[in-house]
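Asks: my questions are about this predicted structure, shown below with the sequence.
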Amino acid sequence: MTPPLATVGLTEREPLAAGHRVKIASRPVAEIIGMPRAHAVEETRGFMKFVIDAETDQILGAALLSIDAQELINTVALAIRPGTTAADLRDAIYSHPSSTEAFNDLLATTVPAGERLPAGASRSTGRCRSIPNPGRRRRRALSAGGTTGGRCRRPARTTCWC
């Protein structure tokens with residue numbers, strides 16, 4: 001199957017049926033600028049979706065229909081363990097270029113279940129919109145403790161595309 005499909009944990013309906021409040025992070029792969037491998041090999045079909053507990057920020061489940069989904073799902077399965085939050089996965093530093101970089105952008109767009117975020121917007125962390133790769137010098141400055149100009153609340157130690 002191209003692109004591959006991988007799922008782990010609960011679907012959006014299961015925790016809602018049990019009365020839990022959930023947040024959803026969902027985006028088409030083509031809109032995830034922070035997923036350079038998909039764009040490099042021109043395989044931008046598919047989507048990624050995370051189901052997150054609204055109170056604890058615990059990842060409850062995910063469905064990935066994207067390039068490298070069969071490998072990405074292993075990282076998500078580890079993140080479902082108690083004590084790991086969606087913010088932990090969002091703020092992690094991933095190798096570049098890799099498909100796991102998509103978690104940085106995707107998990108910055110969580111919204112309450114039933115709502116949908118407009119394409120290209122982010123809400124949960126105050127991050128500004130992603131723009132195409134600004135170059136190696138900017139990324140290096142950020143990962144070395146540089147600033148993001150005050151527009152972004154994301155820790156400067158992580159790669160930020162604002």
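Replies: That came through fine. On a predicted model such as this, the values are computed, not experimentally measured, just so you know. Numbers count the residues shown, from 1 in each chain.

Asks: for the protein, which spans come out with low pLDDT?
Replies: Applying pLDDT under 70 to the chain flags residues 1, 112, 114-162.

Asks: name the residues of the lengthiest helix in it that are buried.
Replies: Longest among the helix segments of the chain by residue count, using DSSP state H, is helix 69-79. Using 16 or more other CB atoms under 10 Å as the test for burial, helix 69-79 gives 69, 72, 73, 75, 76, 79. Where you see a C-beta, it was placed from the backbone N, CA and C, and this is true even at glycine.

Asks: after whichever helix or strand residue 27 is part of, next one along is what?
Replies: Using DSSP states H and E, residue 27 sits in strand 22-28. Following strand 22-28 in sequence order, the next helix or strand is helix 36-40 (DSSP H and E).

Asks: in CSV, list the C-alpha atoms belonging to that next one.
Replies: In CSV, the C-alpha atoms belonging to helix 36-40 read as follows (Å, rounded to 0.1, in the frame of the first residue of the first chain):
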residue,chain,number,x,y,z
PRO,A,36,10.9,17.3,4.3
ARG,A,37,11.3,13.7,3.3
ALA,A,38,7.8,13.5,2.0
HIS,A,39,8.4,16.6,-0.1
ALA,A,40,11.8,15.5,-1.2
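
Asks: ok, residues contacting that helix?
Replies: 29-30, 32-33, 44, 66-68, 96-99, 101-102, 133 (CB atoms under 8 Å, 6 or more residues apart in numbering).

Asks: nearest to residue 58, of those residues?
Replies: Closest approach to residue 58 among the contacts of helix 36-40 (CB to CB): residue 102, at 19.8 Å.

Asks: tell me which residues in the strand or helix carrying the closest one are buried?
Replies: With secondary structure defined by DSSP H and E, residue 102 is part of helix 102-106. By neighbour count on 16+ other CB under 10 Å, the buried set for helix 102-106 is 102, 103, 104, 105, 106.
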